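Colleague: A predicted structure for the sequence below; I have some questions about it.
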Amino acid sequence: HTHTHIHTFTFICHPHTQNMGDSNRTPLLSSPAASDPASVVSELLEGTKPKLSDSTRLEEELWKYEVLPLSSTSLPSESDVWHGSATRTIRLANMVAKRATYYIPVLYWLPRYSLEDLKGDLLAALALSFLIIPQGLSYASMAQLPARFGLYTAFVPLLMYSIMGSSRQLSIGPEAVVALMVGAAVADEDTEEDKISTALVLGFMVGLMCLLMGVCRLGFFDGVFSRSLLEGFVLGSAFLIVVEQLRPLLGVTTKVDDDASTVTRLVSLLKNLDETHGNTAAFGVTSLAFLLGILWLQKRFPDNTPLKMFPSVLVVVILGTAISYASNADQHGVVILGVDTGGYFTPSFPQIHDWDQLQSLVGNMVVIFIVGFVEASAASKHFANMGNYTLSANRELTAFGVVNVIGSCFGAYPVFSSYPRSNIAAAAGARTPMTQFFVFCAVTITIGALVPYFHYLPRAITASIVLKAGLSLAHSEQLRYMWKLRAYRELALLLTTFLLTVTVGVAVGVLVGLAISLGLIVKESTLPKMTILGVKQLAFAGSSASGPEYEATLDVTDHTPGGGGEAADLTQTEGKAAPPRGSVMPLARRAGSRLQRNTSVLRKKRGRAARRQRSDHANAHYTALNADCDSVDGILLIKFDGGLNFANTGQLRDMLRRVEILGDLETHPSLAPQLPPQIQAVIFDFSGTFAVDPSAGQVLMEISKDYHRRGVYLCCVGVQQQVARMFERCDVQVSPNSFFDSIADARAFIEKESLLLLAELDSETV
């Protein structure tokens with residue numbers, strides 16, 4: 001822009017514009033005549049000679065239309081128009097603007113906000129406000145903090161999420177399980193001030209961890225935790241909440257050691273039921289019955305919108321407070337909330353006493369982060385799928401980090417989302433994160449003017465609200481689902497996490513369950529991804545190949561090129577003998593997974609004897625994956641999927657040997673075969689393998705040498721070029737003429753060279 005004239009340039013355009021890369025087109029030549037920049041660009045795209053007057057406006061138009069300079073054809077200089085500081089500034093500003101709308105979503109959706117969005121968000125905010133304010137006052141008792149800190153947790157965090165958050169229906173604020181874990185973290189503090197300080201420091205630490213995970217793009221971390229782990233923890237937390245809230249619900253005042261387990265607390269409560277306070281129990285039991293009754297009706301009539309939106313919690317709070325005030329319940333032994341003044345929390349940085357305090361909170365920080373983020377991630381993904389929009393786990397981590405770091409400076413303990421409240425927001429029609437801003441406004445008014453009106457609210461009613469939330473967490477759908485699928489390993493993980501959470505503690509239950517989950521992931525990753533396409537079946541000690549006649553049909557579809565896709569019918573008719581134990585049967589199994597045995601037709605013939613026979617030959621009934629994998633005696637067919645590396649090939653040699661001897665990977669090694677293995681050839685299908693690291697190459701070299709020593713012929717199918725180079729470097733002993741494009745070619749070569757003698761079955765056996 002420092003020149004008075006615009007020099008001649010050659011241009012190219014982005015792929016979505018017309019091709020201007022032809023150097024034979026008329027070059028751009030400046031002219032002092034005035035012209036509109038938009039028309040200049042239009043002329044440029046048409047290949048005509050435009051008339052230019054304002055180089056600054058021209059450059060802005062060219063940038064907008066994404067017409068970029070390729071090279072200067074005259075008078076190039078360091079201050080060239082297209083490489084000047086103004087151009088770099090525009091590009092930088094454009095990039096910053098795009099990145100800003102990504103990491104600060106409000107900059108994206110607020111300019112597009114509509115009247116329809118406003119209607120839905122206002123209605124959802126109204127429903128949430130009626131719920132989150134009573135819950136905030138109630139959950140603070142579980143966190144062992146004054147009631148106003150429950151409102152602080154529903155204050156600034158909502159404002160920050162409306163700016164940084166991406167989910168349209170997620171409800172941020174106090175949550176029962178997180179409040180329970182905060183209470184466990186501050187239980188050892190002596191004074192109320194120390195408990196408040198510890199809770200705020202804990203919120204700050206959780207926020208920093210979320211920020212660190214988000215910046216490092218570790219949002220995939222939520223996939224590490226299995227559904228069984230979370231369900232076990234949630235069920236254990238529900239049990240803890242119920243036991244904790246039964247005392248204030250009934251008015252039992254017997255003290256229990258803070259370190260006592262949940263079972264000990266329950267036993268103590270049952271022993272002291274005679275101390276139940278009548279007036280307190282009347283408030284608590286009545287309000288709990290009302291809440292559970294409305295919940296039952298909402299589930300009974302899920303399509304009734306007025307019933308679904310009925311603010312049962314707010315009604316209980318208002319009626320309970322009014323009755324308590326009118327009857328002077330506090331003078332009759334009923335414990336009330338006792339909030340005299342409201343007021344906003346003075347913004348301040350959480351006070352960290354010493355490093356020992358931080359070290360003691362690390363375990364609680366990790367547990368709260370795991371539970372809070374995984375639950376929030378599951379909820380946000382659910383509502384994103386319902387609303388047909390996408391979410392980034394990394395952005396959500398960053399948002400929760402900002403929410404907790406800034407929220408802790410305004411009196412909030414660790415905060416994530418609440419799944420039940422999010423359901424209410426979705427049902428009420430929440431359309432954008434503006435819902436959280438409107439709820440923030442309602443909480444702001446409540447803290448500033450309405451808190452004193454909750455002074456006479458009985459604690460038994462707040463206990464009933466929390467108890468209802470705990471009971472809603474205790475569902476058995478996941479248990480029934482796992483039992484139906486016979487997922488005994490996942491069921492054992494769920495029960496282990498539940499029992500540890502109940503008997504030892506929340507932190508121990510989560511950490512032990514996490515360790516088990518990570519151990520299972522490591523175990524699965526160390527198993528090679530291979531499929532057994534064909535294997536020799538052997539007779540085992542104690543079994544008999546004879547038995548009554550049976551009839552079975554296997555549908556084996558030909559997937560080979562030119563096969564026509566027709567199904568080959570392998571049928572054994574009545575009166576024919578069963579297949580010999582030494583034959584190969586087609587099967588499809590992923591290494592390390594449960595075998596799915598599928599029989600097309602299996603007809604009963606002779607009662608119990610036939611059932612015993614079918615059980616004796618169960619391994620013969622598998623669905624084949626490839627028509628090449630029909631019954632061939634003495635050939636082992638293995639297909640590898642994915643890359644082979646040091647982690648998943650450590651057990652490969654032992655697994656192959658076990659398949660040779662036992663016939664599969666699930667038969668227990670104690671079942672010794674009656675016949676020795678008779679494998680004469682092995683075919684490895686590497687068509688799905690694109691990488692082999694040196695450690696895996698060394699393992700394959702040892703396996704090939706073992707086969708060579710035993711006289712077993714090794715063929716390789718579908719070997720990629722980079723894999724073949726690694727074989728050569730690792731000295732894998734495979735002859736050059738043993739590489740084939742398909743399993744059928746390898747089989748044909750084996751038969752042609754007479755490396756395998758196929759046994760002929762007599763007419764009675766066939």
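Modeller: Cool, got the structure. Residues are numbered from 1 along each chain as shown.

Colleague: ok, and for stretch 374-382, which residues are buried?
Modeller: Neighbour-count burial for stretch 374-382, counted by 16 or more other C-beta atoms under 10 Å, picks out 374-377, 379-382. In short, each C-beta sits where N, CA and C put it, glycine included.

Colleague: Check stretch 703-721 too.
Modeller: In stretch 703-721, counting by 16+ other C-beta under 10 Å, buried: 703-704, 707, 712-719.

Colleague: Just the closest of the buried residues of stretch 374-382 to Leu457, please.
Modeller: Glu375 (27.9 Å; C-beta to C-beta).

Colleague: Next up, the contacts around that closest one.
Modeller: Glu375 makes contacts with 175, 177, 230, 416-417, 419, as judged by C-beta atoms under 8 Å, 6 or more residues apart in numbering.

Colleague: and what of Ala147?
Modeller: Ala147 touches 136-137, 140-141, 337, 339, 454, 462, counting by C-beta under 8 Å, 6+ apart.

Colleague: Following element in sequence after the helix ranked longest in the chain, please.
Modeller: Looking across the chain with DSSP state H, the single longest helix is helix 355-387. Note on helix 355-387: by DSSP states H and E, the next helix or strand toward the C-terminus is helix 393-408.

Colleague: by contact count, what packs against the helix or strand following that next one?
Modeller: Sequence-wise, the next helix or strand downstream of helix 393-408 (DSSP H and E) is strand 416-417. With contacts taken as 3 or more C-beta pairs under 8 Å, 6 or more residues apart in numbering; DSSP states H and E, strand 416-417 sits against strand 172-173, helix 355-387.

Colleague: quick revisit: hmm, which of the contacts of Glu375 is lowest in pLDDT?
Modeller: The member of those with the lowest pLDDT is Leu230, at 80.

Colleague: Figure out the helix or strand that that residue lives in.
Modeller: When secondary structure is defined by DSSP H and E, Leu230 falls within helix 227-250.

Colleague: just how off-centre is that helix within its chain?
Modeller: Centroid separation for helix 227-250 versus its chain: 23 Å, with C-alpha atoms, centre = their mean, to the nearest Å.

Colleague: Of all the residues in it, which ones are buried?
Modeller: Here helix 227-250 shows 228-250 as buried, counting by 16+ other C-beta under 10 Å.

Colleague: what element comes up after the helix or strand harbouring Gly120 heading to the C-terminus?
Modeller: Here Gly120 sits within helix 115-142, counting by DSSP H and E. On the C-terminal side of helix 115-142, the closest following helix or strand by DSSP H and E is helix 148-153.

Colleague: what's that next one in contact with?
Modeller: Counting by C-beta under 8 Å, 6+ apart, 133, 135-140, 143, 173-174, 179, 196, 199, 339, 342-343, 345, 407, 410-413, 415, 443, 446-447, 451 sit against helix 148-153.

Colleague: Convert it to PDB, retaining C-alpha atoms only.
Modeller: Extracted C-alpha coordinates of helix 148-153, given in PDB (Å, rounded to 0.1, in the frame of the first residue of the first chain):
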ATOM      1  CA  ARG A 148     -25.800 -20.100  50.500                       C
ATOM      2  CA  PHE A 149     -22.800 -21.800  48.900                       C
ATOM      3  CA  GLY A 150     -25.200 -24.100  47.100                       C
ATOM      4  CA  LEU A 151     -26.600 -21.000  45.400                       C
ATOM      5  CA  TYR A 152     -23.100 -19.600  44.700                       C
ATOM      6  CA  THR A 153     -22.400 -22.900  42.900                       C
END
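
Colleague: What strands flank the one helix or strand Phe684 maps to, and is each parallel or antiparallel?
Modeller: Per DSSP H and E, Phe684 falls inside strand 681-688. If you go by DSSP bridges, strand 681-688 pairs up with strand 635-641 (parallel), strand 713-717 (parallel).

Colleague: Mean pLDDT and distance to Arg395 added to the ones you listed, as CSV?
Modeller: Formatted as CSV, these follow (pLDDT from 0 to 100; distance: least, C-beta to C-beta, whole Å):
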stretch, mean pLDDT, distance to Arg395
strand 635-641, 88, 33
strand 713-717, 91, 45
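
Colleague: mind putting the ones you listed in a markdown table, distance to Phe686 included?
Modeller: Converted to a markdown table, the strands paired with strand 681-688 look like this (distance: least, C-beta to C-beta, whole Å):
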| stretch | distance to Phe686 |
| --- | --- |
| strand 635-641 | 6 |
| strand 713-717 | 6 |
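
Colleague: all helices for the stretch 401-550 of the chain, in order.
Modeller: Using DSSP state H, counting those that start in this stretch, the helices of the stretch 401-550 of the chain run over 419-428, 434-445, 459-473, 477-485, 488-503, 506-525.

Colleague: which of those sits most buried?
Modeller: helix 459-473 (a mean of 25; mean count of other C-beta atoms under 10 Å).

Colleague: Who are the packing partners of that one?
Modeller: Looks like helix 459-473 contacts helix 115-142, helix 176-186, helix 227-250, helix 278-300, helix 312-327 (3+ C-beta pairs under 8 Å, 6+ apart).

Colleague: I'm done for today, thanks for sticking with me.
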